[in-house]
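Enquirer: Below: sequence and its predicted model.
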Amino acid sequence: MIGSIQKQAKRSPATTGPGNDMTSSFPLAACAEMIWRDKPIEWRASRLKELGFGVGLWNWPEHDIGKLEATGATFTIMNGYLRGRLTDDDGAAELLKTARETAQVGKRLGVQRLNLHGTGLGDRGLPVQPMEIVTGAMWLKARDTLSRIVDLAEEEGVTFTLENLNLPVDHPGVPFGRAEDTLALVSSIDHPRLRLNLDLYHAQIGEGNLIELCRKSLPWIGEIQVADVPGRFEPGTGEVNWNGIAKALAAMGYSGPIGMEAWASGDSDVALEAFRKAFTL
């Protein structure tokens, strides 16, 4: 749970669902917020556990932590802060305060990675404080804030990730949204308690060249997240060759977690099996 997931994670055992005998080459998880949306979140967590998937979450105050804890599910990632941003003193103070609070909840659930963004996100994923220009001073402050996050992570015994986001479609105005930017920040700190949440859905929209991006980012990846483009649905609904990416990841030695952060285009169980198939070699 702690440290460089890419270096420490081992190949997962057979991951099977009812009527399914496929074996995934990676530990797989799915964002519970985006599937079976008519069901309570604890039901979704239990169902993901039953199907052999880890569970991703967004903001914990929206849920009954006791009920989630009682499911016994493996919680792979959740948002690691409630408010704040990397780029200025006030924002950094708020981010660190809410990150420490969130770390306590994360430890209670056994969450493996606590996720950060360049700034807090509000309604429809839009930044609470959009920034069209990121100055050199903001870059330096962001690195300082993340260094303080590492200190907090050491104190609490947790691991944080920094996620890239796409700017053209979903998250305009988020600072350090490009994978190129998140990689620059995380690699400059180069600490096992701060890793990349490399979201390939966002990267495909904003940058492309996904296999080479994975190879370049490999030493710092804590988790890879996926959804197809366009639409943000499960793998197989769009333009990305996910099985090709899976083969490339295996060839370069990645054995860490893959998380589906995608809407189901139809039945959620069918979407999950499509995801599993895409990452089965």
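Expert: Received the coordinates, thanks.

Enquirer: If the most centrally placed residue in the chain is in a bridge, with which residues?
Expert: Residue closest to the average C-alpha location in the chain (Cα atoms, centre = their mean): residue 197, at 4.7 Å. On DSSP bridges, the residues paired with residue 197 through beta bridges are residue 163, residue 223.

Enquirer: doesn't residue 160 make contact with it?
Expert: No - using Cβ atoms under 8 Å as the test, residue 197 is too far from residue 160 to be in contact (9.2 Å). To be clear about C-beta, it is placed using only N, CA and C from the backbone, and glycine gets the same treatment.

Enquirer: Now stretch 40-54: buried residues?
Expert: By neighbour count, and taking 16 or more other Cβ atoms under 10 Å as the criterion, the buried residues in stretch 40-54 are 41-42, 44-48, 51-54.

Enquirer: repeat for stretch 232-251
Expert: 232-238, 240, 242, 245-246, 248-249.

Enquirer: As a check, name the ranges of all helices in the stretch 101-250 of the chain.
Expert: 136-156, 179-189, 200-206, 210-217, 242-251 (DSSP state H, counting those that start in this stretch).

Enquirer: List the buried residues of the longest one.
Expert: Residues of helix 136-156 classed as buried under the neighbour-count rule (16+ other Cβ under 10 Å) are 138-139, 141-143, 145-146, 149-150, 152-153, 156.

Enquirer: Now do the contacts for residue 73.
Expert: For residue 73, the residues meeting the contact criterion (Cβ atoms under 8 Å, 6 or more residues apart in numbering) are 45-46, 48-49, 54-55.

Enquirer: hmm, try it at 7 Å
Expert: For residue 73, the contacting residues are 45-46, 48-49, 55, by Cβ atoms under 7 Å, 6 or more residues apart in numbering.

Enquirer: ok, which pair from the residues you listed is furthest apart?
Expert: 46 and 55 (9.2 Å; Cβ to Cβ).

Enquirer: related to what we said a few turns ago, would you reformat the buried residues of stretch 40-54 as CSV and include distance to residue 75?
Expert: Putting these into CSV (distance: Cβ to Cβ, whole Å) gives the following:
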residue, distance to residue 75
41, 11
42, 12
44, 12
45, 8
46, 12
47, 14
48, 10
51, 15
52, 15
53, 11
54, 7
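
Enquirer: Could I get these in a markdown table, plus columns for pLDDT, distance to residue 269 and secondary structure?
Expert: Supplementary listing: the buried residues of stretch 40-54 in a markdown table, determined by pLDDT from 0 to 100; distance: Cβ to Cβ, whole Å; DSSP: H, G, I helix; E, B strand; the rest coil:
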| residue | pLDDT | distance to residue 269 | secondary structure |
| --- | --- | --- | --- |
| 41 | 98 | 17 | helix |
| 42 | 98 | 18 | helix |
| 44 | 98 | 12 | helix |
| 45 | 98 | 15 | helix |
| 46 | 98 | 14 | helix |
| 47 | 98 | 8 | helix |
| 48 | 98 | 11 | helix |
| 51 | 98 | 7 | helix |
| 52 | 97 | 12 | coil |
| 53 | 98 | 11 | coil |
| 54 | 98 | 16 | strand |
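
Enquirer: For residue 98, state which of those is nearest.
Expert: residue 41 (20.3 Å).

Enquirer: in terms of contact, does that closest one touch residue 63 like I think?
Expert: Yes - with contact defined as Cβ atoms under 7 Å, residue 41 counts as touching residue 63 (5.2 Å).

Enquirer: Between the contacts of residue 73, which sits nearest residue 77?
Expert: Checking those against residue 77 by Cβ to Cβ gives residue 55 as the nearest, at 8.8 Å.

Enquirer: Just list the residues touching residue 261, thanks.
Expert: The contact partners of residue 261, by Cβ under 7 Å, 6+ apart, come to 31, 34, 56, 199, 225, 227.

Enquirer: Check residue 248 too.
Expert: Residue 248 makes contact with 211, 214, according to Cβ under 7 Å, 6+ apart.
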